[in-house]
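**Q** I need the structure of the sequence given here:
(one chain, ligands or ions: 1)
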Amino acid sequence: MYDKINNQIVDLNKLSKGYISVDLHCHTKYSDGVNTVEKMLQTAKDLGIGLAITDHNEVLGSRYAEKLIKTNEKYKDILLIPGIEVSTKEGDDFLFYFSKSEELLKFYTVEVKPYRLKRYMFTGTTINVEKLLDSAKNYDCLMIAAHPFVLKGFFSIQRENTFDLDEKIQGYEAINSGIPNFGNSRIQRYLSHKTNPIITAGSDAHSYKMLGTGVTCIPKNLNIKTAKDFIDAVRSKNNIICGKTVRLGRLTINHMFFYNFILNKIKKSKIFRKITN
Ligand SMILES: [Zn+2]
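**A** The predicted structure follows:
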């Protein structure tokens, strides 16, 4: 039997015998991912997992995926959890999951869209972290701190603000297979002092090749059929999580978007234009 946290390379064949697995964190072309929604859906189907498309400050990918699943026989029966990854001006990211896509749209329209920065693929916002965490109360959602100890990290927020972060956060992404190992070890050490916190795992895939390398799993006997069933089971802490930081080569593929970004910067630079003209 599995422990609640399995820091292992995901074996979907083995898991599928007892669990429904969902990759709760991935990106598409609608933010800074390299693949289309169709490619991500097809990959999830081939792997036999569900997914949450959590584009940065954007819902078009998740909404489009829902439409495809409803209308296209090819993608029928894929379990999709409506979701989004929201950036804050303090530099930390939060994942939000919804039972209904309409609720995700409402949240996005009111809490995210007005504050998006036209930075590369809208990956930045001017949202204040405390305001964002408070807003979660007004929606039927599950809010999860994404990779809490990378980027600026939890401690910076706690130092710079007067509020108690832990009081406002509902759950934690305790395995993100797209970040270096130390990030996962640090959050797991942090959580070891808490009694049974809400935890999730995801791949943070920016390429379809990473999909399924971090998964949140619910026992099959709980008969999960809908996004609501899945979120409720995670909220009730009936899940286990699996995943491990993938090899450097695959991380490189995952971050292809970063190289594209650098390439575009170079192409736009004065020196480059001088050379090529
Ligand atoms: Zn992400």
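**Q** Please give me every residue in contact with the closest residue to Lys228 other than its chain neighbours.
**A** Closest residue to Lys228 apart from its sequence neighbours, by C-beta to C-beta, 6 or more residues apart in numbering: Ser99 at 3.7 Å. The way it works is simple: take the backbone N, C-alpha and C, and place the C-beta from them, glycine included. Ser99 makes contacts with 82, 140, 226-228, 231, as judged by C-beta atoms under 8 Å, 6 or more residues apart in numbering.
**Q** any idea how far Ser99 lies from Ser62?
**A** 13 Å (C-beta to C-beta, to the nearest Å).
**Q** Common neighbours of the two, please.
**A** Listed as contacting both Ser99 and Ser62 by C-beta under 8 Å, 6+ apart are Pro82.
**Q** Would you mind measuring from Asn57 to the ion?
**A** Distance from Asn57 to the ion, counting by C-beta to the ion, to the nearest Å: 11 Å.
**Q** ok, how many other residues are close to that residue?
**A** By the criterion of other C-beta atoms under 10 Å, Asn57 has 23 neighbours.
**Q** where does it land on pLDDT?
**A** Looking at Asn57, its pLDDT reads 96.
**Q** hang on, it packs against Arg116?
**A** Yes. Checked against C-beta atoms under 8 Å, the pair Asn57 and Arg116 is within contact range at 5.2 Å.
**Q** so what sits against both of those two?
**A** Shared contacts of Asn57 and Arg116, defined by C-beta under 8 Å, 6+ apart, are found at 122, 124-125.
**Q** in a strand, that's where Ser21 is, yeah?
**A** Yes. Assessed with DSSP: H, G, I helix; E, B strand; the rest coil, Ser21 lies in a strand.
**Q** where exactly do the helices run in this protein?
**A** Shown for the chain, the helices assigned by DSSP state H span residues 12-15, 37-47, 60-71, 101-107, 129-135, 154-160, 165-168, 181-191, 227-235, 248-254, 256-268, 270-276.
**Q** any idea of the mean pLDDT for the last one?
**A** Within the predicted structure, the mean pLDDT of helix 270-276 is 61.
**Q** ditto for the first one
**A** When pLDDT is averaged over helix 12-15, the result is 96.
**Q** buried sites along that helix?
**A** Of the residues in helix 12-15, those buried by neighbour count under the rule 16 or more other C-beta atoms under 10 Å are 12, 15.
**Q** what packs against it?
**A** Contact partners of helix 12-15 among helices and strands, from 3 or more C-beta pairs under 8 Å, 6 or more residues apart in numbering; DSSP states H and E: strand 214-219.
**Q** List, one by one, the residues from the stretch 51-200 of the chain near the ion.
**A** For the stretch 51-200 of the chain, the residues in contact with the ion (C-beta under 5 Å from the ion) are Glu85.
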